[in-house]
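1. Below are the sequence and a predicted model for it; my questions follow.
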Amino acid sequence: MTTRATFSLDNENAAFLKLVGGSNKSAYINDLLTRAKQKALKDAILQANKEEANDAEYQDELSAWDTTLSDGLG
């Protein structure tokens, strides 16, 4: 499914889009947005991992689970 969108570009960006987007400017913009979305997700995951690494209570809980998981039960 696709959604139509109307937006304005300044002349310089419009010329650049015409140059690099070729005959399918929508595909080019969709690709840019997909990459930006993936980067935002990657950055959010990295930030969450940093927060977890600095959370002593969370690290203690992980340590307890490591002990539980390595208790020899099958």
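-> Yes, it's here.

2. alpha carbons only for contacts and neighbour counts from here, please
-> Fine.

3. Kindly indicate whether the residue nearest the centre of the chain is helix, strand or coil.
-> Ranked by distance to the mean C-alpha position of the chain (C-alpha atoms, centre = their mean), the top residue is Leu41 at 2.1 Å. In terms of secondary structure, Leu41 is helix; the call rests on DSSP: H, G, I helix; E, B strand; the rest coil.

4. and what of the one 10 residues further on?
-> With three-state DSSP as the basis, the three-state label of Glu51 is helix.

5. gap between it and Lys25?
-> Between Glu51 and Lys25 the distance, using C-alpha to C-alpha, to the nearest Å, works out to 39 Å.

6. With Ala44 instead?
-> Between Ala44 and Lys25 the computed distance is 29 Å (C-alpha to C-alpha).

7. One more: Arg35?
-> 15 Å.

8. what's the answer for Leu41, then?
-> Note on Leu41: its distance to Lys25, by C-alpha to C-alpha, is 24 Å.

9. what does the lowest-mean-pLDDT helix or strand in the chain contact?
-> When the helices and strands of the chain are scored by mean pLDDT, DSSP states H and E, helix 56-69 comes last with a mean of 86. Outside of helix 56-69, the residues that reach it under the criterion C-alpha atoms under 8 Å, 6 or more residues apart in numbering are 52-53.

10. Low-confidence bits of this protein, can you list those?
-> Counting by pLDDT under 70, the chain has low-confidence residues at 73-74.

11. and with 80 instead?
-> Along the chain, segments meeting pLDDT under 80 span 67-74.
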